[in-house]
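> Sharing a sequence plus its predicted fold:
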Amino acid sequence: MLADTMTEQRAASNAPASAVTVEEALLTRRSVRAFLPTPVPRNEVERLLALASRSASNSNCQPWHVHVVTGEPKRRLTVALWEALDAGGRVAECEYPYQPASDSWPQPYGGRRAAFGGVLYRETLGIEAFDAERRLAHHRRNYDFFGAPVGMILTVSRHPLASGLVDAGLFLQALMLLARQAGLDTCAQASFIDFYPVLRRHLDLPDDQIVVCGLALGHADNHHRLNGLRTPREPVPSFTTWHGDDRR
């Protein structure tokens, strides 16, 4: 109950300051979908990446790799991705099974996904389900990293893929929380997986590396209605089973 109250208090603040504790970083982290053009110094990005590299990994393999794009290279990548999107160049299958088809999600996950889509499109953006043109216009913003000055593409080694994906997730979470501590915001973006051939060409990705996701990094535009969106979390009893003597 205390955590719920704290979450509501944080959500009431439209412009969260930098986080002092890990708890504050978790409570104020959100998927920001509108950024200010304010630059983020390269040495600050390097500092965050160095700290995130302390994340745990299987046998200390550290299988992740980060491609940071800014300025003109970021613009060229965005243009190429938009061209691929407009030409219907989304790949039929990702390089690894990221998620099921839209109509094949099992419950309760499908219901949660649909509820989020409704809040994002209909309630926040005023876009109805039948309005494919406006939905596509919003989706296109993914490939400009929602206007963030820093874009990242996270890749991981194929060998071994399963443990590498776990390790990449640990790295990504650490990076997002560190960004919050620094007064920055992020959005992890799976949409880049759909156009991994474009990323391969523009970023010269080796065959050994596969795309995990993109990440937008920068200062949130706290006046944009998208950044007022908050998503709920399931209570602990719904996802926890106790097996100890202290079961109640």
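Thanks, I have the structure now.
> buried set for stretch 115-133?
Within stretch 115-133, the residues that count as buried by 16 or more other Cβ atoms under 10 Å are 120-121, 124-125, 127. The C-beta positions use only the backbone N, C-alpha and C, and glycine is treated the same way.
> can you list the residues you listed in TSV and add pLDDT, secondary structure and distance to residue 210?
Shown next, in TSV, are the buried residues of stretch 115-133 (pLDDT from 0 to 100; DSSP: H, G, I helix; E, B strand; the rest coil; distance: Cβ to Cβ, whole Å):
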residue	pLDDT	secondary structure	distance to residue 210
120	89	helix	27
121	85	helix	29
124	86	helix	32
125	86	coil	32
127	87	coil	32
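> Can you lay out these as TSV showing distance to residue 196?
Below are the buried residues of stretch 115-133 laid out as TSV (distance: Cβ to Cβ, whole Å):
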residue	distance to residue 196
120	24
121	25
124	29
125	27
127	27
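> List just the nearest of those residues to residue 204.
residue 120 (33.7 Å; Cβ to Cβ).
> and the gap between the closest one and residue 129?
Remark: distance between residue 120 and residue 129 (Cβ to Cβ, to the nearest Å) = 12 Å.
> for residue 66, same thing?
Distance from residue 66 to residue 129, by Cβ to Cβ: 36 Å.
> can you give me the offset of the helix of greatest length in the chain from its chain's centre?
Longest helix of the chain, by residue count under DSSP state H: helix 161-181. Helix 161-181 has its C-alpha centroid displaced from the chain centroid by 10 Å (Cα atoms, centre = their mean, to the nearest Å).
> With stretch 88-107 instead?
Worked out by Cα atoms, centre = their mean, stretch 88-107 lies 17 Å from the chain centre.
> and it, which residues are buried?
Result for stretch 88-107 [16+ other Cβ under 10 Å]: buried residues residue 95.
> How about stretch 185-200?
In stretch 185-200, the ones that count as buried by 16+ other Cβ under 10 Å are 185-189, 191-196, 198-200.
> Repeat that for stretch 168-183.
Of the residues in stretch 168-183, those buried (16+ other Cβ under 10 Å) are 168-169, 171-172, 174-182.
> what comes into contact with stretch 169-180?
With contacts defined as Cβ atoms under 8 Å, 6 or more residues apart in numbering, stretch 169-180 is touched by 16, 18-19, 22, 24-26, 28-29, 48-49, 51-57, 64, 154, 185-186, 188, 212-213, 215, 217.
> Now, those that are in strands?
In this view, these that belong to strands under DSSP state E are 64, 154, 185-186, 188, 212-213, 215, 217.
> got the residues you listed as JSON lines, with pLDDT and distance to residue 134 columns?
What follows is the ones in strands among the contacts of stretch 169-180, written out as JSON lines (pLDDT from 0 to 100; distance: Cβ to Cβ, whole Å):
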{"residue": "64", "pLDDT": "97", "distance to residue 134": "35"}
{"residue": "154", "pLDDT": "98", "distance to residue 134": "29"}
{"residue": "185", "pLDDT": "97", "distance to residue 134": "24"}
{"residue": "186", "pLDDT": "98", "distance to residue 134": "25"}
{"residue": "188", "pLDDT": "97", "distance to residue 134": "24"}
{"residue": "212", "pLDDT": "96", "distance to residue 134": "29"}
{"residue": "213", "pLDDT": "97", "distance to residue 134": "25"}
{"residue": "215", "pLDDT": "98", "distance to residue 134": "25"}
{"residue": "217", "pLDDT": "98", "distance to residue 134": "27"}
